[in-house]
Structure formats: structure tokens, C-alpha cells
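J.: Sequence first, predicted model second:
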Amino acid sequence: MKLSFACIERSITRRAFTFLFVLILLVYSNTFHAGWHFDDRHSIVDNDKVHISEISLPSLSRAIHHPDAQRIWRPLVYLSFALNWYIGQSDFFGYHIVNILLHFVTAIILFHTLLCLFQTPVMRGKTSTNDAYFISLLTAVLWAINPVQTQAVTYIVQRMTLLAALFCIGGIFFYLRARLIKKPRYRYLFFALCAISWLLALASKENAILLPLVLILVEAAFFKNLSDFHTRKRYLLFFAAGTLLIGIFGIVIFLGKNPLAIFTGYSDRFFTPWERLMTQPRVLLYYLTQIFFPHPARLSIEHDFAISTSLIHPWITLPAILFVIVLIFGAVSKIQRRPLLCFALLFFFINHAIESSFVPLEMAFEHRNYLPSMFLFAPVAAGVLWLLNRYKKRQPFLYWVVFGLGICLISSFGIATYLRNKVWSSEVSLWSDARRKAPSMHRPVHNLAMALYDNNGRLDEALKLYLRADNLKMHRRSHRAWLYGNIANIHYRTGRYDLAETYYQKAHEIAPKKAFLRYRLAETLTMQEKLNSAMKHVDELLARNPKKSDYLNLKGTILLQQMKPDKALLVFLENLRNNPRQATAYVNAGRALTVIGKFDPAERLFKIGIELDPENLKIYIRLLDIYLRRGDQRRAEDLSRFLVDSATVNDIRLTIEELAKENSITPNDYNNLLIAISAELGKRIPYGSKASDGE
């Protein structure tokens, strides 16, 4: 039967659309309230650049820059994060909605792309319309509900992977339409859409640069007769030339003037480029087993792969390399006879060519399979169809057995995906799962400690996990710096400043360029009144970033403690000029004016700070301190009454204690503030006494 794209009835397409939508919605129905994980916080939650409050060109142009740099980076992804934030801020429900919709649209385009493949000269006439529909839909279903895809879909920040894959498969679809359509006018339109899709994919993730190589493969596999030696030779030359041009293009676009910059990442790794190359064939084969046997017990955000230090260590290294070579050359040599199978295999390896090469990335992440795995189930679906057609009339019992096994396969994939998504429900469940599956790795233990510390405040338990993580395998050398930094954070929070200083110092020595660690070390030194050492670190930080608000505030605080309020005021005023909408800038300038004795301007600055941050109890306490210093009894009583009405006495007392620890107020000021609050309550709270939350 002659097959054309137009002969696919709209009703059949609608049924496929509905079936895929319902299936994807069911298996991902338990992910809408899955929280933030791993890089989500760095890229979205803590990334001020995407926290837009209006749709304007300046805010959107700022959003598409790298979270840590002033260069444009994956702009389409960060633009989508900014729009998500504009609509729902930190409510992750909306982000999951977008990710699942992107996954669904990608599955639909994959379905239509496969239908187009069956219209190509090589495939045309080999399959009926209904059979093409069956293979295309079953492939899209098995790909879309495969548990391996959960890391790309449920892990919000991997929208990078989703968008890149969406536009890559879109580019293939438009290329096929351009090659199959007869009207030149529409052919140029589809070629243009293919090019636009490639640019959008590149704006989502760098590995999309490989799309032209995939299109050469599509042309060779489905449009040309490769039985002729000269044709095969010509397309091998095309592929080699395309690889070279893409390599040059990638270096110019992504690496700029320093093409060797890609290797600088190895200074932070525990393996060499050669060791990574030797290890990746084992990783690729493991990916293939995960895709075809995606049991939830085999899936994790963390994998412990022994690094191949030679071709025989571990012993599986050389067999894995040889097996991958056999698969690739076998697919190339048999592509004329088995185009669908060989294309699926070559598509898989081509799209892993960047992330499984010498680029200094981590060894394995499951989301890297999202695009490469798209066509792998097409031969499986064709095999199922062949068995059904073979047994339908000859052996009906076996027909129903195969049919039942197909239903079981879809059901098991869907159930496994649903179960895997449960693990993503919280950071504690995600990293507890990873810890069970990779017990020798540092990151699951470290991140589980972070989850317990950040979310539940279980500091002692978190500290034990951090200390345990110090003896486990790490992906990067700098990870130990962050580990020591987090240990120091706990000591800082619990008032053990000497231990905090020790661990911040260790972290700083490992990663001297990490400004945050140096800043935290300077803060800790300030708390211990080691002011000269603290000032040296702050001056180093300001030399690199002279307008950073945190650095200016800390420098001013140190100057205040050094009894240099006039100099502190100048620093605080500089910060105020740089950040006119920052409450802290007004408050700190008011602090300096208070010490100098200029209470009236200090009062005005504190009141502006309250307008900008009306929930900040510290500002009210500072304002109360002004009234007490000035002897303004009436205003002091009014503000004390307001504080007692607005907050618990325990919260007020703890805030005053915190100001005392920061050396923002003297012991005498501390007592006067407590007396003022006590007078409002009609009783006196002794120094250091406890007050219940209900008081």
C-alpha cells in the first residue's frame, strides 16, 4: 500500500495524541509537588537573575545570563525559568507542568517523525499505513514512559535537556518534511524551520550542535542507496567533513579564543582525559542496559563507576571498548539491510559523542539518554509487530501471548516510572536512595546532610553525615572545600566559631578562588574579633568585586568594631549608593550614625529600612535602641508596645541576643532593651533568662 503523510487520518492522530497524553500524565501524576533538587537551587531558587517581577527587555536580557557570570548561557532555558518565576515564583508546581508538557510535545513529534521515516525512499512500501502507525506509536510510548527519562523530566533544571531534545527531534521532523514534500515553496519553508530548530536547540544545550551529523545520517540511511561503494564513500566523507566543521564551529562558539580551555576542568577532576575516554564505553553499555531493563533499583542520580586507568584495569574496559566498536561498525555496514535498527544505534552513539568523550564532565548521568534513546525502541516495536502478524492467523494463542507481553511491557514501564518518581518527592528521599545505591560515593551522603540540615534543622545528625562524607569518593577536588564549608556553617550556627574558622580555613586553602568561602571565613574571624585578619580577606574580596554589597557591609562592620565609625559610615554610604533599594544598606548606615551620635538621621534611615523590609525585627530593635539612647521615653514605650503586640517576647529576646553576638550593641544596650520590653509587659526579664513563646 502506498503510504503518504497525508493518508494518516486525523482521527487516528487524535487518538495517538490522547493516548500519549493520558499515559504521560498518569505516570508523572505524582511529580507535581516534587521539590527542588541539586542544581535547581543554584540555577533557579538562588539565581536572582531569573527572579523577574515584570516582563521587560532589561529583566529578560538579564535572566538569560549565566548564574555566576556575565555571559549569555543557554538563553532559552533561563528565559523559560524567568517566565516560570514571574508567574509562580518558587512554587515548583508550575515548573513541573512545563517540563511534563515539553516531554509530551517531544513524544508527539517523535511519533510524527517516525511516520515520516516510513515515507522515505528506503522505507516506502515496506510497511502499511496501519503498521507504520503501530510502530511509531509504540516507539513513542515506550520512550516516553521509560523510567530512565524521569531524571530529565522530574528534575526541573534538566529542562535544558528537554528543550534541546525537543528542538533536535523537531529539526529532524522538519528536515524529513522538506525532503518528502514536492512543492519547492514549502520545501524551503521546512528547511528554514529545521535551521531555526537547530538554533533553538543550541540555545538550550551545547550538545545539540551534533544535529547536522544526525541529518547526514538520516539522508544516508533513508534516502540513498548505499549498496554502491562510491555512495558509501561519499557519505563517509560528508560525515567526516561535517564532524570537522562542527568541531570548529563548536570551538569558536563555546570556547572562543582559547580552544584548550575545555581541558582546564580536569584540574578539578580525579581522572585524566584518556581515563575518561576509556571509561565511557562501559558507561554507554550500562546506559543501554538501563534503557531496556529500567528497573527502579538500577536507577539513581548517583552512580559509582570505577575509573578505567588502563585497558585491563578494570578488566571489562577492553571488552567494552571492542563491543562498542563492533556495534558502531556493524551498524554502519548493515544500515542498507536494517536501516531502522542501525539508524537507532548510530543515533544513540552520535548523540552521546560530546558527553561521553573527553569533555571533563562527570562519568554518568541518566538524563543524558533522553535524546539518544529516542529511536532505540523502533526496532523493538517492529519486532513486536512482526511477531503479531506472524502468529495472528497461524497460532492465535502465541498471538495473544505476544500481545499480552506488549501490554505488560507498557504497564511495567509505567509503574516503574511512577515508583521512580516517588524517589524524587523530596531531597531526603532522593539522596537516601542514592546513598543506598552508591554507598562509597561522597555526594549522596553530603547532600543528604544538607537536606537534613536545611529542611529539618537536625544539625547534629547532619554534622555526623558531613564528617562521614569526608572519607568517601568525590567527583571533584573542590567538593571537599564545599564539604568543609558546610561543616563550618554548622559550627558557626551553633556558636562554635573556633571550629568554624578551622574548617573555613581548610575550605579556603583547597579552593582559594571561591569567594563565598573567603567571605564566610572573614565573617567568622569578625565574630571572634580577629579584625585585622578579617579585614585582609574583605579587602581581597573587594579588590575583585568592589561593589558587592555583602563585602561592603562586612568591611563597614569591621570598621565599627575597630572604633572607626566615620570610615565605616563612608563604606556603608558607598553601599547605599550602589543598592538604593536594599534595606540592609540603610540599616548599616544608620548603625554608623548611631555610634557617631547622630540619632536623628539614623532614625530616618532605620525607618526607610522598615519600609523596605517591614518583617525584619532587627530594624525595630535598632530603632528602639535609638529612642533609648536619645532618652525619648514616649516613642520608646510606643515602639515597645508595638513589638510586644507583633512578636513573641522570646523572638524579641533572641533577636536582641543575636545583635549582641554580632557586636552591634553593647551589654549595657542589651540590658536597656530588655528592660524596655519588660516594662511594657509589667515585669523585668533577667539577663540570660528564658521566655516561652507564649509570653
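T.: Yep, it's here.

J.: And C116, which helix or strand is it part of?
T.: Using DSSP states H and E, the element containing C116 is helix 92-117.

J.: How about that helix, which residues are buried there?
T.: 92, 94-96, 98-100, 102-104, 106-117 (16 or more other Cβ atoms under 10 Å). Just so you know, the C-beta spots here come from the backbone N, C-alpha and C atoms, and that holds for glycine as well.

J.: can you pull out the helices in the stretch 401-550 of the chain?
T.: With helices called from DSSP state H, counting those that start in this stretch, the stretch 401-550 of the chain shows them at 427-437, 442-451, 459-469, 479-493, 497-510, 515-527, 531-544, 549-561.

J.: V423 and R436 touch, don't they?
T.: No - contact criterion Cβ atoms under 8 Å: V423 and R436 do not qualify, at 10.4 Å.

J.: Quick check on those two: which one has the bigger neighbour count.
T.: Neighbours were counted for V423 and for R436 using other Cβ atoms under 10 Å; V423 has more, 20 against 11.

J.: Quick check: the more buried one vs K224, distance?
T.: Look at V423 and K224: by Cβ to Cβ, to the nearest Å, they are 45 Å apart.

J.: picking that back up, how about the helices of the stretch 401-550 of the chain, which one is nearest R232?
T.: helix 427-437 (44.0 Å; Cβ to Cβ).

J.: Tell me, how many residues neighbour the nearest residue in space to W36 that is not next to it in sequence?
T.: Distances taken as Cβ to Cβ, 6 or more residues apart in numbering put V45 closest to W36, at 5.6 Å, once the chain neighbours are dropped. Using other Cβ under 10 Å, V45 has 15 neighbouring residues.

J.: Need the per-residue pLDDT for V45.
T.: Note for V45: predicted pLDDT of 91.

J.: what does D268 give?
T.: pLDDT, D268: 88.

J.: so how many other residues sit close to it?
T.: Around D268 there are 13 residues (other Cβ under 10 Å).

J.: picking that back up, my guess is the residue nearest to W36 contacts S90, does it?
T.: Yes - using Cβ under 8 Å, V45 is in contact with S90, at 6.0 Å.

J.: Based on its surroundings, how many neighbours for W400?
T.: With other Cβ under 10 Å as criterion, W400 counts 13.

J.: Please apply the same query to the one 5 residues further on.
T.: L405 has 12 neighbouring residues, counting by other Cβ under 10 Å.

J.: can you check Q290 too?
T.: The local packing of Q290 (other Cβ under 10 Å) involves 20 other residues.

J.: for it, what are its contacts?
T.: Contacts for Q290 (Cβ atoms under 8 Å, 6 or more residues apart in numbering) come out as 148, 298-299, 366, 369.

J.: burial of Y186, as a residue count?
T.: The burial count for Y186: 12, using other Cβ under 10 Å.

J.: just the helices in the stretch 1-150 of the chain please.
T.: Under the criterion DSSP H, counting those that start in this stretch, the stretch 1-150 of the chain carries helices at the ranges 10-27, 39-40, 57-63, 75-88, 92-117, 129-144, 150-153.

J.: per-residue confidence averaged over the fifth one?
T.: It stands for helix 92-117. Across helix 92-117, pLDDT averages out at 96.

J.: cool, the shortest one as well?
T.: Mean pLDDT, helix 39-40: 90.

J.: now the first one
T.: Helix 10-27 shows an average pLDDT of 88 in the prediction.

J.: what's it in contact with?
T.: Residues outside helix 10-27 that contact it (Cβ under 8 Å, 6+ apart) are 100, 103-104, 107-108, 111, 133, 137, 140-141, 144-145, 410, 414, 417-418, 421.

J.: How many residues are close by the residue lying closest to K422 once chain neighbours are set aside?
T.: Among residues not flanking K422 along the chain, N30 sits closest, at 6.2 Å (Cβ to Cβ, 6+ apart). Counted with other Cβ under 10 Å, residues neighbouring N30 total 16.

J.: So for Y492, which of the helices of the stretch 1-150 of the chain sits nearest?
T.: helix 39-40 (24.6 Å).

J.: Report the distance from the closest one to the chain centre.
T.: The chain centre lies 3 Å from the centre of helix 39-40; the measure is Cα atoms, centre = their mean, to the nearest Å.
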